[in-house]
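**Student:** using only what follows, build the 3D model:
(chains A and B)
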Amino acid sequence: MTEADPSAATPAPSDFIRDIVAQDVAAQRHAKIITRFPPEPNGYLHLGHAKSICLNFGLARENAGQCNLRMDDTNPTKEEIEYVEAITTDVHWLIDGWADHCLGLKTKGATPARTESNGKLDYHLAAAPVGAANTEPFFASDNFAPLYEFALVLIQKGHAYVDDLSPKETEEYRGAPDKPGRNSPFRERSVAENLDLFQRMRSGEFPDGARSLRAKIDMAAPNLWLRDPLLYRIRHASHHHTGDQWCIYPLYDYAHCLSDYLEGITHSVCTLEFEVHRPLYDWILEKLQLPRPLPHQYEFAKLNLTYTIFSKRRLLQLVQENLVNGWDDPRLPTLSGLRRRGVPASAIRRLATAVGVTKYDGVTDVAVYEHAVREELNPASLRRLAVLRPIKIVLTNIPAGETIECLATNNPQDEVPTTRPVALTREVFIESDDFAEVPPPKYFRLKPGGEVRLKYACIIKLDEIVKDASGAIAELRCTADLTTRTGQPNSDKKVKGTIHWVSATQCVDAEVRLYERLFTVAEPGAEEDFKKFINPHSLDVVTAKLETSLASATPGDRFQFERLGYFVPDAKDSRPGHLVFNRTITLKDAWTAKAPGGK
RNA sequence: UGCCCGAUGGUGUAAUGGUAGCACAAACGACUCUGACUCGUUUUGUCUAGGUUCGACUCCUAGUCGGGCAGCCA
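**Tutor:** Purely as a prediction, here's the structure:
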């Protein structure tokens, strides 16, 4: 499968973060630009993460740099190995052929090495060479030992203390946005006592929540994150990566800045909600008086799309309550769902470029995403004939048993389009939407007494509508004008409508899954009870009739079923003899939308 | 009634003191053996009020509106 790389031909995007990096590069502030993508392995990656991946890896590839994949796994109660594996797969898929040469992984099992930088104690963990064998992502949990050592340093410098306040008391002492907090009665413990207590926390002497390690900053700070934030909490829990080695776990703010430092990250790019954490990020690094250059944090607005939900909590809810069929349900905005649905990684990258990077927290029209998908799929998809909801046509002037071979174009977008044979026979199927006994105005398709072209074949004329006892249409009897075939004298004859069709006697059946938006309203996340906006018609399964060449379709193939949209074999369920296709997206449709009774 | 951040057509995004541009969407038209693609045309915008300046989307002041922050989550 070949995927056009839009960014190769297109100039690199520009935004305020790329500007900052460009300035740092120009000033030669770093030997190499190193960014990171640090998901918590507590769920599957979605389009929102994709924006961050494209930014962080984009920064790396545009500056001959590197982007580390790091599991931000400091909370053992929420994280699972299943998520680690899914995230790793999704990241590889999204950057494949684009930024895989910038992907920073570490040697399996490696942890930061104790070194000396500028005459001071230091720890550092560099990425393995690109393409090296036996690698894995970085894990924040691989840094637990040096993080602990750094905590000891903070205590020794008088910048951290062990607090005995309960979680509830801690909350009370914190005050409110417009009300200063109060100092904990344990705030002025001696360094020796803090050291002793913290070491005993680590050795498992105290139960969960009994004590915590806090930064000693300012309980009256207007920024709540500076009111002696917690650095460590006690959790007697098994961790997916470190097992039972630890019973104290660092919190995000403490672990993140130091993990960035340990890996030599130069630009730590995160989303807007961490803006108020930045002073703490800087405070921790400064107080430690670290010997190497410090990373800096920059924030951008995360992606929001209409008709889409990105909240991990809600996505988890949809999966757990079986409102969808797993994390890779093609209706979900997860990368695994989109991949299964047939969305190319390049389309997601194209979307990321289209939405840009700013600090404005808006909502992007899902049409921008859909446009990006079609842009990638149009040149990359083989055209095929398929009928989703068949009605039978009998071409009364073609004898039963006769096969007329027609040549169909594989992709008109190709510079030198190739063709394949398709069989025209006495009985064919057409789409039920393509016939109307009582046509609306401007209806170009088949109607009583009307003519229409069967694409790649010939023009047919409707003579008779045959109904069964119940009044339902049994078949349409038509005359084929074989002189309008390609190469025949009347091939240039024009009719308003051209429709797709499949031979009724030379075709294969397939299960085809048709998807609509999962939600019926533009902003389903706006209300707490988002489930009431779930679209009951988000999945429609039909048994379709396909041209025979599709019998050998395998996952990875991309097709455009003419006039219907883009389709891929389902990677999980499709097999020879039982074909299953997913519709990735419909073609843009200027007719159905405005047709009377159109959907 | 604390602190931080933001505001440009319907939506997203450029313009970094000098002609408000691009994309999506929408509308109309051309082309068409896909009502697709492609092409053409059109509609719609600098939150408000002051100020600085020859000149302000841009700088300053005040306001308005929106978002974030009070997890031992990330």
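**Student:** how does chain A divide up, domain by domain?
**Tutor:** Domain segmentation of chain A under automatic domain parsing yields A:6-300, A:384-505, A:507-599.
**Student:** off-centre distance for the first one?
**Tutor:** Using CA atoms, centre = their mean, to the nearest Å, we find the averaged C-alpha position of domain A:6-300 to lie 23 Å away from the chain's own average C-alpha position.
**Student:** try the last one
**Tutor:** Put simply, domain A:507-599 sits 18 Å off its chain's centre (CA atoms, centre = their mean).
**Student:** let me have the domains of chain A in a markdown table, extended by mean pLDDT, mean neighbour count and distance to residue A:354.
**Tutor:** Quick note: C-beta positions are derived from backbone N, CA and C, even for glycine. Compiled in a markdown table, the domains of chain A are given as follows (pLDDT from 0 to 100; neighbours: other CB atoms under 10 Å; distance: least, CB to CB, whole Å):
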| stretch | mean pLDDT | mean neighbour count | distance to residue A:354 |
| --- | --- | --- | --- |
| domain A:6-300 | 96 | 18 | 9 |
| domain A:384-505 | 97 | 16 | 21 |
| domain A:507-599 | 93 | 17 | 16 |
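**Student:** so which of those gets nearest residue A:365?
**Tutor:** Taking CB to CB as the measure, these were each checked against residue A:365, and domain A:507-599 came out nearest at 8.7 Å.
**Student:** how about the domains of chain A in TSV, adding distance to RNA strand B?
**Tutor:** Compiled in TSV, these are given as follows (distance: least, CB to the nearest atom of the strand, whole Å):
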stretch	distance to RNA strand B
domain A:6-300	3
domain A:384-505	4
domain A:507-599	4
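**Student:** for RNA strand B, what's the nearest residue on chain A?
**Tutor:** With CB to the nearest atom of the strand as the measure, residue A:362 is the residue of chain A nearest to RNA strand B, at 2.3 Å.
**Student:** surely that residue touches residue A:304?
**Tutor:** Yes: look at residue A:362 against residue A:304 with CB atoms under 8 Å: they come within range, at 6.8 Å.
**Student:** who has more neighbours, the two?
**Tutor:** Under the neighbour definition other CB atoms under 10 Å, residue A:362 and residue A:304 were set side by side, and residue A:304 has more, 17 against 10.
**Student:** OK, contacts around the nearest residue to the more buried one once chain neighbours are set aside?
**Tutor:** Closest residue to residue A:304 in three dimensions, ignoring its sequence neighbours and counting by CB to CB, 6 or more residues apart in numbering: residue A:363, at 4.4 Å. The neighbourhood of residue A:363, defined by CB atoms under 8 Å, 6 or more residues apart in numbering, consists of A:304, A:305, A:306, A:522, A:523.
**Student:** closest to residue A:262 among the residues you listed?
**Tutor:** Comparing those against residue A:262 with CB to CB picks out residue A:304 as the nearest, at 32.5 Å.
**Student:** wait, what's in contact with the residue of chain A closest to RNA strand B?
**Tutor:** The neighbours of residue A:362, taking CB under 8 Å, 6+ apart as the test, are A:301, A:304.
**Student:** please repeat the previous calculation with a cut-off of 10 Å.
**Tutor:** Residues in contact with residue A:362, defined by CB atoms under 10 Å, 6 or more residues apart in numbering, are A:301, A:303, A:304, A:355.
**Student:** re the thing from before, could you export the contacts of residue A:363 to JSON lines, including columns for distance to residue A:12?
**Tutor:** As requested, the contacts of residue A:363 are exported to JSON lines (distance: CB to CB, whole Å):
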{"residue": "A:304", "distance to residue A:12": "24"}
{"residue": "A:305", "distance to residue A:12": "24"}
{"residue": "A:306", "distance to residue A:12": "28"}
{"residue": "A:522", "distance to residue A:12": "32"}
{"residue": "A:523", "distance to residue A:12": "32"}
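**Student:** measure residue A:207 to residue A:135 for me?
**Tutor:** Spatial separation of residue A:207 from residue A:135 under the definition CB to CB, to the nearest Å is 38 Å.
**Student:** go on, residue A:97?
**Tutor:** As judged by CB to CB, residue A:97 and residue A:135 stand 19 Å apart.
**Student:** for residue A:214, same thing?
**Tutor:** When CB to CB is the yardstick, residue A:214 and residue A:135 sit 36 Å from each other.
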